[in-house]
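Asker: When you get a sec, could you give me coordinates for this:
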Amino acid sequence: MMDRRIELVGRAAQAREELARAARRAGREPGDVTLVAVSKFHPAGDVRVLAEAGQVDFGENYVQEALAKREALTDLPLRWHFIGGLQSNKARFVAGNFALVHSVDSRKLAQALHRKASELGVVQDILLQVNIAGEEQKSGVDEAGLPELAEAVEAMPGLRLKGLMTMPPFFDDPERARPVFARLRHLRGRLEGRLGRSLPHLSMGMTGDFVAAVEEGATMVRIGTRIFGAREPRQ
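Answerer: Next up, the predicted model:
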């Protein structure tokens, strides 16, 4: 366990250092970027180790796994992020249980989250996932549908729109993802003008490309393998 603790804490520290350097190169403060440690397929014990070393934000992709870890770690002051694809019939398990839902990509899903949040008497913070590259295998609203979806969410008092999220195609060279990140930043600016208010968050960048994402304006990066190592495949 001690070796694993040293490994996890060291990897997280290195990732934070890379993040800080990227932020400073872009003329930004490192504290303006939140590192979300993606703990899917890794045990609650790993999360506890990192939490005890100061990591607060953790991201999960699967509802059942996420809720089990959340329940096992209720003694820790953590912020849980739901970052995976979400079916509307599972929205009732997510609303009110996560600080931020990154992956809202349809009116149907937004309505399901809104209904459950309203039932609970809470306001659920969300991001809209945008499929900028138009990849069929990835979730996300397309650019043309983004304004309409955002305006629909604005009319749902159970939800609070905080910004946008994207997942670029996988590239061997992370620099090739940079235009996708720049495009998301541009779309946020246009949407802020349309809605007449600030949208503070851009969730973009993962293990392979988070440096470019920070340099292009990410306020949240989702880093898993870089911190936790290779994941065990889901059974």
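
Asker: Once you drop chain neighbours, what's closest to A152?
Answerer: Distances taken as CB to CB, 6 or more residues apart in numbering put R107 closest to A152, at 5.1 Å, once the chain neighbours are dropped. Glycine gets a C-beta too; all of them are placed from N, C-alpha and C.

Asker: Would you quantify the distance from A91 to S103?
Answerer: According to CB to CB, to the nearest Å, A91 stands 11 Å off from S103.

Asker: anything in contact with each of the two?
Answerer: The overlap between the contact sets of A91 and S103 (CB atoms under 8 Å, 6 or more residues apart in numbering) is empty.

Asker: and the helix or strand hosting A112, what does it pack onto?
Answerer: Of the helices and strands defined by DSSP states H and E, A112 is found in helix 107-120. Judged by 3 or more CB pairs under 8 Å, 6 or more residues apart in numbering; DSSP states H and E, the packing partners of helix 107-120 are helix 91-94, strand 100-104, strand 124-129, helix 146-154, strand 159-165.

Asker: between those, which one is nearest to P30?
Answerer: Nearest to P30, of all the helices and strands packed on helix 107-120, is strand 159-165, at 18.9 Å by CB to CB.

Asker: rewinding a little: tell me the buried residues in the helix holding A112?
Answerer: Residues of helix 107-120 classed as buried under the neighbour-count rule (16 or more other CB atoms under 10 Å) are R107, L109, A110, Q111, A112, L113, H114, R115, K116, A117, S118.

Asker: looking at the helices and strands packed on helix 107-120, which is closest to D209?
Answerer: Closest of these to D209 is strand 159-165, at 14.0 Å (criterion: CB to CB).

Asker: Centre of the chain to whichever helix or strand comes after that closest one, how far?
Answerer: Next in sequence after strand 159-165, counting helices and strands by DSSP H and E, comes helix 178-195. Mean-position distance between helix 178-195 and its chain equals 17 Å (CA atoms, centre = their mean, to the nearest Å).

Asker: Which residue of the protein lies farthest from its centroid?
Answerer: M2 (29.2 Å; CA atoms, centre = their mean).

Asker: Now do that residue against V56, distance only.
Answerer: Taken as CB to CB, the span from M2 to V56 is 23 Å.

Asker: Kindly report the same for L191.
Answerer: L191 is 28 Å from V56, where distance means CB to CB.

Asker: try A112
Answerer: Between A112 and V56 the distance is 28 Å, computed by CB to CB.

Asker: ok, back up a step: and the residue nearest to A152, what's its pLDDT?
Answerer: For R107, the pLDDT comes out at 98.

Asker: now do R231
Answerer: 69.

Asker: Could you do K138 as well?
Answerer: Per-residue confidence (pLDDT) for K138: 79.

Asker: Touching, it and P168? I think so.
Answerer: No: using CB atoms under 8 Å, K138 makes no contact with P168, being 9.4 Å away.

Asker: So for those two, which sits in the more crowded spot?
Answerer: A direct count of neighbours by other CB atoms under 10 Å for K138 and P168 places P168 higher, at 26 against 16.

Asker: Need the contact partners of the helix holding A112.
Answerer: 86-89, 91-92, 94-96, 101, 104, 123-124, 126, 149, 152-153, 156-159.

Asker: again, only using 6 Å
Answerer: S88, A91, R92, A95, G96, V104, Q124, A152, V153, M156, G158, L159 (CB atoms under 6 Å, 6 or more residues apart in numbering).

Asker: And for stretch 32-50?
Answerer: 5, 8, 12, 19, 23, 55, 57-61, 69, 72-73, 81, 214, 219-222, 224, 227-228, 231-232.
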